[in-house]
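Peer 1: build me a structure from this.
(chains A and B)
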Amino acid sequence: MSALLEIKNLHVSVADTEILKGLSLSVSAGEVHAIMGPNGSGKSTLSYVLAGRDGYEITNGDILLNGVSLKGMNPEDRAIAGLFLAFQYPLEIPGVTNMTFLKTSVNAVRRGRGEEEMDAASFLRFVREKAKALRLDDDMLKRPLNVGFSGGEKKRNEILQMSVLEPLMAILDETDSGLDIDALKTVAEGVNALRDTQRGMLVITHYQRLLDYIKPDIVHILAGGQIVKTGSAELALELEKSGYADYVGEVVA
Amino acid sequence: MSQAKQNIEKETVEKVQSLAGEKYKYGFSTDIDSEKAPKGLNEDIIRFISAKKEEPEWLLEWRLDAFERWLTMSEPEWAMVDYPQIDYQDLYYYSAPKSMDDRPETLDEVDPELLRTYEKLGIPLYEQEVLAGVKNRVAVDAVFDSVSVATTFREELATAGVIFCSFSEAVKEHPELVKKYLGTVVPKSDNYFTALNSAVFSDGSFVYIPPNTRCPMELSTYFRINEPNTGQFERTLLIADKGSYVSYLEGCTAPMRDENQLHAAVVELVALEDAEIKYSTVQNWYPGDEEGRGGIYNFVTKRGDCRENNAKISWTQVETGSAITWKYPSCILRGDNTVGEFYSIAIGNNYQQIDSGTKMIHLGKNTSSRIISKGISAGKSSNAYRGQVSIHRKADKARNFTQCDSLLIGDTCSAHTVPYIETKNPSAILEHEATTSKISDDQLFYCQQRGLDAEEAVSLIVNGFCKDVLQHLPMEFAVEAQKLVGISLEGSVG
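Peer 2: Numbers count the residues shown, from 1 in each chain, chains lettered A, B, ... in the order given. Purely as a prediction, here's the structure:
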């Protein structure tokens, strides 16, 4: 069986500077992979290029989701194909309630898949159930999207979006950044609740502590735009002790 | 391309050759025999219009007086709009479908071609259909070029004592009311365009709500310009007598043409003691094409007078059309404890130019006003908010709150805010807030990552931005307005 997400020898340039230099990895359904790396190793570039952001140019290699190349596909079509990115810095949209945004999003994806759109009443039931499962307050659905949300609320809201969109492949970009330990636990609980045999996850993080709560099946170390080491969950613990210095040196040399 | 967009395109491409077809679905024209006054403007034309309408002598004199004043005036130049000199002698000032000549008594007698036009525009002229179709009934006065084609629900309104008819009919049937109120809110020579309108106005709506009456349904007027090279100069007069309430909505569209067309309307509102008027506008005149060709020049004067104590006037406008918008719906807060409100969304795309805002003139004690203005600029458009808050000497404890927000899409458009605030009474409390923001690439990408295409994302963000204003529109129009906001901005992001 082929992998859910397959990244093959990926080279990516931003404004003519090569950031990813031949990155390869593959995630199968049901697996949670973690990507750890120092600042400037290309972690954010990887999440953006997977989601199809403008300005991230693939100069070589390919990204396959369920065997289909994502090259040249715009961000909304990738979302429709089942790719989800939980943002490191979720954006605010004043005047648009969380509920409206979720409904617009879910229906855009359903429309894109040729499925029937959900009416207001059934969507309300659906989203309330999801929020309840994540122990989110109904009140959060009525507030404008991310406006005035605390750091923890924003990240939990990303997880709620993931939960209603039910993606095949979820990428979590530094979901732990800016969270205190309690918020981190809550967010991790939400992510764990969404682990599924049909779903792949790629957890991108700088620190090991997130992985105390989201146990990855496989850990990759990203440095200098390449995966320099792949191992089990223990690799993250080793890294916590020894730091990134070894790997950074390796690439530079 | 989305399905909806394809449908709109199919509908219009048949009717118009213009490339902008997919964006402006009201751009078709109706092929109909019209009777026109000769081109140009002089006393004879005014006499012609007045005679056509079988007007009394006093009104003809009123028109001629306005014309004399107009001749001594010049076009205002202070607005941030730029357009070629208008040749006022190269316009038709009166155009009416020939079939309207013998004054049809019922809809069955109205030219089917005209009825089809309104059907295509989605304006319900048949009362039975309205009764069957929607929960909230709306009475409509349909104005086509210079004449009113039909006014619905008149009998039912009459049982409540409400007068709702075309201006021409009001002159004939309720001359005492017209004479008493005409020109008392917007004087003939208020400005260049009001003088012009007063001289040549053709038709429009007249509304009178008797004392202590809540108008039993929404009233609306739908203005349609059809004939090329013709100016439309309508005049609306609305009087809410003591203790009454009315909600009124006007809508406007025009065919797509390469040349510009002039629209110079005057709206006067009078609210007597304890009365309340809610006046909403969805202005969707043809805005011109992507290159800035064609479109309506919209020079409009709207003013409401809270003439007696405790009266309230609320303006809500959604301005998406016109090549040039020059419009400042205002409130004169004459009575004590009167309230004036202005809620506005003004959207400019391509080469549209907007200079719009309001005036709140506080004359009475404890008067309060509220201004919420949302300007959106995209393409190469320019969008200026111009507002005046004036607190006069006797206006003790007057209050005003103003909020002006501008949203920019792209980097070739502009937004301007020009507030004038003057107070001659130290007890006044005035607040002014203004923001300017831009739709960021980050916001768009975020929405796209959640499955929305770029245009859907812009529409969502802009609707959020406008929410404070949209919620003041009557329910049945709010949804339409939301869609319109999205359509107006199509093509604004690449």
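
Peer 1: hey, let's count contacts and neighbours off CA atoms from now on
Peer 2: Noted.

Peer 1: what's the burial count for the nearest residue to B:Glu290 once chain neighbours are set aside?
Peer 2: For B:Glu290, ignoring the flanking residues on the chain, the nearest one in space by Cα to Cα, 6 or more residues apart in numbering or on different chains is B:Asn350 at 5.4 Å. Close neighbours of B:Asn350, defined as other Cα atoms under 10 Å in any protein chain shown, add up to 24.

Peer 1: number of residues surrounding A:Glu115?
Peer 2: 11.

Peer 1: which residues in the stretch 1-150 of chain A form strands?
Peer 2: For the stretch 1-150 of chain A, strands defined by DSSP state E, counting those that start in this stretch occupy the ranges A:5-14, A:17-27, A:32-36, A:56-65, A:68-69, A:83-86, A:93-97, A:144-145.

Peer 1: do you know which of the ones you listed lies nearest chain B?
Peer 2: Distances from chain B to each of the strands of the stretch 1-150 of chain A were compared using Cα to the nearest Cα; the shortest belongs to strand A:93-97, at 3.9 Å.

Peer 1: in a markdown table, list the strands of the stretch 1-150 of chain A along with mean pLDDT, mean neighbour count and distance to B:Tyr248.
Peer 2: Formatted as a markdown table, the entries for those read as follows, by pLDDT from 0 to 100; neighbours: other Cα atoms under 10 Å in any protein chain shown; distance: least, Cα to Cα, whole Å:
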| stretch | mean pLDDT | mean neighbour count | distance to B:Tyr248 |
| --- | --- | --- | --- |
| strand A:5-14 | 96 | 20 | 55 |
| strand A:17-27 | 95 | 19 | 60 |
| strand A:32-36 | 95 | 25 | 59 |
| strand A:56-65 | 96 | 18 | 52 |
| strand A:68-69 | 96 | 14 | 55 |
| strand A:83-86 | 97 | 26 | 46 |
| strand A:93-97 | 94 | 21 | 26 |
| strand A:144-145 | 94 | 22 | 31 |
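
Peer 1: may I see those strands organised as TSV, with distance to B:Met80 added?
Peer 2: Formatted as TSV, the strands of the stretch 1-150 of chain A follow (distance: least, Cα to Cα, whole Å):
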stretch	distance to B:Met80
strand A:5-14	41
strand A:17-27	44
strand A:32-36	55
strand A:56-65	40
strand A:68-69	51
strand A:83-86	44
strand A:93-97	29
strand A:144-145	34
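
Peer 1: of those, which is nearest B:Arg154?
Peer 2: Nearest to B:Arg154 among those is strand A:93-97; the distance by Cα to Cα comes to 39.3 Å.

Peer 1: does chain B sit close to that closest one?
Peer 2: Yes: contact between strand A:93-97 and chain B is present through A:Ile93, A:Pro94, A:Gly95, A:Val96 (criterion: Cα under 8 Å from any Cα of the partner chain).

Peer 1: again, but for stretch A:142-154
Peer 2: No: contact between stretch A:142-154 and chain B, assessed by Cα under 8 Å from any Cα, is absent, since the two come no nearer than 8.7 Å.

Peer 1: CA-only coordinates of that stretch in PDB, if you can.
Peer 2: The C-alpha coordinates for stretch A:142-154 follow below in PDB (Å, rounded to 0.1, in the frame of the first residue of the first chain):
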ATOM      1  CA  LYS A 142     -20.400  32.800  18.600                       C
ATOM      2  CA  ARG A 143     -17.300  35.000  18.900                       C
ATOM      3  CA  PRO A 144     -15.600  36.500  15.800                       C
ATOM      4  CA  LEU A 145     -13.000  34.200  14.400                       C
ATOM      5  CA  ASN A 146      -9.900  34.300  16.600                       C
ATOM      6  CA  VAL A 147     -10.600  37.900  17.500                       C
ATOM      7  CA  GLY A 148      -9.600  38.500  21.200                       C
ATOM      8  CA  PHE A 149      -8.800  34.800  21.600                       C
ATOM      9  CA  SER A 150      -6.000  33.900  24.000                       C
ATOM     10  CA  GLY A 151      -3.100  31.900  22.500                       C
ATOM     11  CA  GLY A 152      -4.500  28.700  23.900                       C
ATOM     12  CA  GLU A 153      -8.000  29.400  22.600                       C
ATOM     13  CA  LYS A 154      -6.600  30.100  19.100                       C
END
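
Peer 1: since we're on the residue in the stretch 301-450 of chain B that chain A sits nearest to, how many residues are nearby?
Peer 2: At 4.7 Å from chain A, B:Gln448 is the closest residue in the stretch 301-450 of chain B, using Cα to the nearest Cα. Applying the criterion other Cα under 10 Å, we find 27 residues in the vicinity of B:Gln448.

Peer 1: and for it, nearest residue in space, chain neighbours not counted?
Peer 2: A:Glu76 (4.7 Å).

Peer 1: and the one you found, what is it in contact with?
Peer 2: For A:Glu76, the contacting residues are B:Gln448, B:Gln449, B:Arg450, B:Gly451, B:Leu452, B:Asp453, taking Cα atoms under 8 Å, 6 or more residues apart in numbering or on different chains as the criterion.

Peer 1: mind checking the SS state of B:Ile49?
Peer 2: Three-state call for B:Ile49 (DSSP: H, G, I helix; E, B strand; the rest coil): helix.

Peer 1: tell me if I'm right that it and B:Val200 touch.
Peer 2: Yes: distance between B:Ile49 and B:Val200: 7.2 Å, which falls inside the contact criterion (Cα atoms under 8 Å).

Peer 1: more neighbours: which of these two?
Peer 2: Shown here are B:Ile49 and B:Val200; by other Cα under 10 Å, B:Val200 has more neighbours (30 against 24).

Peer 1: so what's the closest residue in space to that one that isn't next to it in sequence up against?
Peer 2: Closest residue to B:Val200 apart from its sequence neighbours, by Cα to Cα, 6+ apart: B:Ile46 at 6.0 Å. The neighbourhood of B:Ile46, defined by Cα under 8 Å, 6+ apart, consists of B:Leu60, B:Arg63, B:Leu64, B:Ala199, B:Val200.

Peer 1: let's see 10 Å
Peer 2: B:37, B:52, B:60-61, B:63-64, B:67, B:93-94, B:199-202 (Cα atoms under 10 Å, 6 or more residues apart in numbering or on different chains).

Peer 1: same check, this time on B:Ser50
Peer 2: B:Ser50 makes contact with B:Asp44, B:Pro56, B:Glu57, B:Leu59, B:Leu60, B:Glu61, B:Arg63, B:Ser168, B:Ala199, B:Val200, B:Phe201, B:Ser202, according to Cα under 10 Å, 6+ apart.

Peer 1: same deal with B:Leu59?
Peer 2: B:Leu59 sits next to B:Ser50, B:Asp65, B:Val171, B:Pro175, B:Val178, B:Lys179, B:Leu182, B:Ser198, B:Ala199 when contact means Cα under 10 Å, 6+ apart.

Peer 1: so which of these wins on neighbours?
Peer 2: Neighbour counts for those were taken using other Cα under 10 Å; the highest belongs to B:Ala199, which has 31 neighbours.

Peer 1: circling back to that earlier point, what touches both of B:Ile49 and B:Val200?
Peer 2: With the criterion set as Cα under 10 Å, 6+ apart, the overlap between the contacts of B:Ile49 and B:Val200 is B:Glu43, B:Leu60, B:Arg63, B:Tyr93, B:Tyr94.
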